[in-house]
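Colleague: predicted model and sequence below, questions to follow.
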Amino acid sequence: MSDRKLPRLLQTPAVLLLLVWMLIPLGLTLYFSFIRYVLNNLRRPEWTTPSISNWRGFGNYEFVLNNKDFVLAIQNSLLIVCSILFLTVILGVVIAILINKTFPGQGIVRVLLISPFFVMPAVNAVLWINMILDPVLGLQGIAVGSINDLIGSLREAPVIGAFFSLWPELEPISFRATQTSAYAVIIMVTWQWTPFAVLIFMTSLQSEDQQQKEAAVLDGAGAWSQFRFLTLPHLGRPIAIVVMIQAIFHLSLYAEIEIVSRGNGNKNLPYLIGEFANNNIGAASATGIFAVILANIVAIFLLRMIGKTLME
Amino acid sequence: MAIVAKSSKFGKYGRPTLAWIVGLLFFFPIFWMVLTSFKTDADAVKPEHLIWFTPTLENYLNMTENYDYWRFAKNSVITAVMATLFTLFVGIPAAYAMAFNPSRATKDVLMWMLSTKMLPAAAVLYPMTFLTKSVGLFDTKFLIVMVLSLINLPIVIWMLFTYFKEIPKDIIEAGKMDGVNTWGEIKEILIPLAWGGIASTALLCFIFCWNEAYWTVRLTTTDAATLSKLIEGNRAPEGLFFGRLSAVSAAAVGPIVVLGWFCQKQLVQGLTFGAVK
């Protein structure tokens, strides 16, 4: 009996820890989402302590659903996540195919390529928004400035000057602004996560059936049809996995959004929860439950796919 | 014929050149950060010193003065190391049990563990703040160690499980014949055998802990603040301090990027939960 029972008991600490870690905070979120609970309210001080007598039913959910910011946050979350997924998958496939064959320095190129993935999110955001994208002092500002200088000096030139004087001055883009801050986040996260896609697609390409490919070449298949009918189907599964894992990670983006514009024009669900949590805990919790539901929609598909390969 | 000749020429020169360009482009922002870190704050924003400048180490030498770098770095090291050790301490026995004594529930337990990883952290932001403040754990290293451990425990167990599964059961069984007990089996047979796998799992766990940027920012103020918190707190230098900010950023990510180079393979396994081979 003890022969098998003791070994099995060894997983209990891990299971218990994760159970507590998951159930207690999530249970509290669920509870708070059904009561009136605010941190500051002078007129109704009884709302400032969580209590079952402040029961509000689905009132918080209604409040959140009717909140303009919530709709914007959902839209923005989807814009950010979908753009990043689109860019990383396309870039990932192209780059993976590009560097899959051996060439001089392949190892070094791989190391260069994978590096962005290990940069901590806070540094990623600070680096891009200041040193690179800043409209005046960053590389963007300097590049735009020097192009303008070049055009300006060409205007003075004889003959062709008349042509260049028709050109407009270029305006640098301010990426901290309301309309553009989401794009800054998309750029920096794409930079960070494309290497991840590349790495996974490369791993998968290495198990591609080479004989099948050779046969296709003998049959006169061109590069495009090889890609379309052999490589792409082979990559189907890894693409699905890259999409789902990234979706789960990027739905909870936080540091980048905070650093780029403090959420200005660019709130996603986690950011909105953070804002609500400054005072209206009920609304923050209801938003949290919505975020859980959204993440679970993706997670179910991902888990099913992982489950299939688990016991092989 | 012509097409074949053309494509092989591309394969010989075009492809490597293009690959190198892509690699250098992706690395460029990191290179730029490191380059800027050797400029004075004044030089860092002058177009005429974009590439030509007198390199200086002052940004690195003044990191303590400007940012109190070492205090945050110490917290990062302590929390990441402790969290990694604790995760292994809990994770190795669990993965051992699942790999060598699986039951019908094992698969479901593993899947459930992974599902905890997929919950959005923000959903439990307030309860976590509330709970930790009410028991006096807010802004303590102990709390950050526990949180980092629990975030990474599912991935660590998963990775260890896939490594342990590769070990033939007979070897472990042979230990039983010799009268070794369960702890002995883990300590004397399993750990030496799976040493490589355990080491790379630990490395990856350490990297994830180091880079964590939600809880380390939201659950700390000063005492347990890590490098993520430090950088986040200096988000907008308005061009005044590009040099010194680059230096402290480079110091925060440098060691981890280098460590990352050594565990690319494990990264694929760890992040896809073994679903891509």
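Modeller: All right, it came through fine.
Colleague: quick one: the residue minimising distance to the centre of chain B from residue B:72, how far?
Modeller: The residue lying closest to the centre of chain B (C-alpha atoms, centre = their mean) is residue B:207, at 1.7 Å. Here the distance between residue B:207 and residue B:72 works out to 17 Å (C-beta to C-beta, to the nearest Å). Using the backbone N, CA and C atoms, a C-beta is placed for each residue, glycine as well.
Colleague: hang on, the earlier thing: what distance do you get for the residue nearest to the centre of chain B to chain A?
Modeller: As for residue B:207, its distance to chain A is 6 Å (criterion: C-beta to the nearest C-beta, to the nearest Å).
Colleague: is it true that that residue touches residue B:260?
Modeller: Yes - under the criterion of C-beta atoms under 8 Å, residue B:207 makes contact with residue B:260 at 6.0 Å.
Colleague: quick one on the thing from earlier: run the chain-centre distance for the helix or strand that contains the residue nearest to the centre of chain B.
Modeller: For residue B:207, the element it lies in under DSSP states H and E is helix B:195-211. Offset of helix B:195-211 from its chain centre (C-alpha atoms, centre = their mean, to the nearest Å): 7 Å.
Colleague: let me see the mean pLDDT of that helix.
Modeller: In this model, helix B:195-211 has an average pLDDT of 88.
Colleague: could you dump the helix or strand just after it to PDB, C-alpha only?
Modeller: Counting by DSSP H and E, the next helix or strand C-terminal to helix B:195-211 is helix B:215-218. In PDB, the C-alpha atoms belonging to helix B:215-218 read as follows (Å, rounded to 0.1, in the frame of the first residue of the first chain):
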ATOM      1  CA  TRP B 215       2.800  41.700  -9.200                       C
ATOM      2  CA  THR B 216       6.300  42.900  -8.600                       C
ATOM      3  CA  VAL B 217       5.100  46.400  -9.500                       C
ATOM      4  CA  ARG B 218       1.600  46.300  -7.900                       C
END
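Colleague: can helix B:215-218 be found next to chain A?
Modeller: Yes - for helix B:215-218, a contact with chain A is found by C-beta under 8 Å from any C-beta of the partner chain, at B:217-218.
Colleague: can you list contacts of that helix?
Modeller: A:122, A:254-255, A:258, A:274, B:79, B:121, B:125, B:128-129, B:144, B:147-148, B:151, B:224-226, B:228-229, B:232 (C-beta atoms under 8 Å, 6 or more residues apart in numbering or on different chains).
Colleague: now do the longest helix along chain B: which elements does it pack against?
Modeller: Ranked by residue count, the top helix of chain B under DSSP state H comes out as helix B:69-100. Applying 3 or more C-beta pairs under 8 Å, 6 or more residues apart in numbering or on different chains; DSSP states H and E, we find helix B:69-100 packed against helix A:2-9, helix A:12-32, helix B:63-67, helix B:106-117, helix B:141-165, helix B:195-211, helix B:227-233, helix B:242-261.
Colleague: run the chain-centre distance for the third one.
Modeller: Think helix B:63-67. Centre-to-centre, helix B:63-67 and its host chain are 25 Å apart (C-alpha atoms, centre = their mean).
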